[in-house]
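> here is my input, please return the structure:
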Amino acid sequence: MDFPRLSRKEAEVLRLLITNGEMYGLEMVNNSPELKRGTIYVTLSRMEEKGYVSSRKEDVQPGDGPPRRCYVATGLGERAAHVHQSAARAFGSWEGVWAI
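As a prediction, this is how the structure comes out:
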């Protein structure tokens, strides 16, 4: 496997999911100044394709609107986040580094 490459937004999504567990996309936006409404679902979709996150549709009652998706970091996503953090520390890039 290649060295995992995470964008700043992907690293932030993984940080939130690892720290908080399962979250909705807009919940992540509300908990991070780095994430925006217009890009969160594109980012989550790309991360799901890479295998870093998985999602499930929430059950809703008729009339409650469309089902929301809940996201969680996968084992691969957690390992990618750890590698990303280790590389950032090793190369002196402390921007975006958090304690895992």
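> what's the first helix or strand after the strand or helix carrying residue 19?
Secondary structure from DSSP states H and E places residue 19 in helix 8-20. Using DSSP H and E, the helix or strand that follows helix 8-20 in sequence is strand 23-24.
> quick one: the longest helix seen in the chain to helix 8-20, angle?
Identified as the longest helix of the chain according to DSSP state H is helix 75-90. If you take axes from the mean of the first three to the mean of the last three C-alpha atoms, to 10 degrees, helix 75-90 sits at 110 degrees to helix 8-20.
> packing partners for helix 75-90?
helix 8-20 (3 or more C-beta pairs under 8 Å, 6 or more residues apart in numbering; DSSP states H and E). (Glycine included, C-beta is placed from N, CA and C.)
> which residues are in contact with the most centrally placed residue in the chain?
With distances taken as C-alpha atoms, centre = their mean, the residue of the chain nearest its centroid is residue 13 (2.6 Å). Residue 13 sits next to 28, 35, 40, 43-44, 47, 53, 71 when contact means C-beta atoms under 8 Å, 6 or more residues apart in numbering.
> report the two of those residues separated the most.
Maximum pairwise distance among these (C-beta to C-beta): 13.3 Å, between 35 and 53.
> chain neighbours aside, what residue packs nearest to residue 68?
Counting by C-beta to C-beta, 6 or more residues apart in numbering, residue 68 lies nearest to residue 58, which is 4.8 Å off, once chain neighbours are set aside.
> thought that neighbour was touching residue 67?
Yes - the pair formed by residue 58 and residue 67 meets the contact definition of C-beta atoms under 8 Å, at 5.4 Å.
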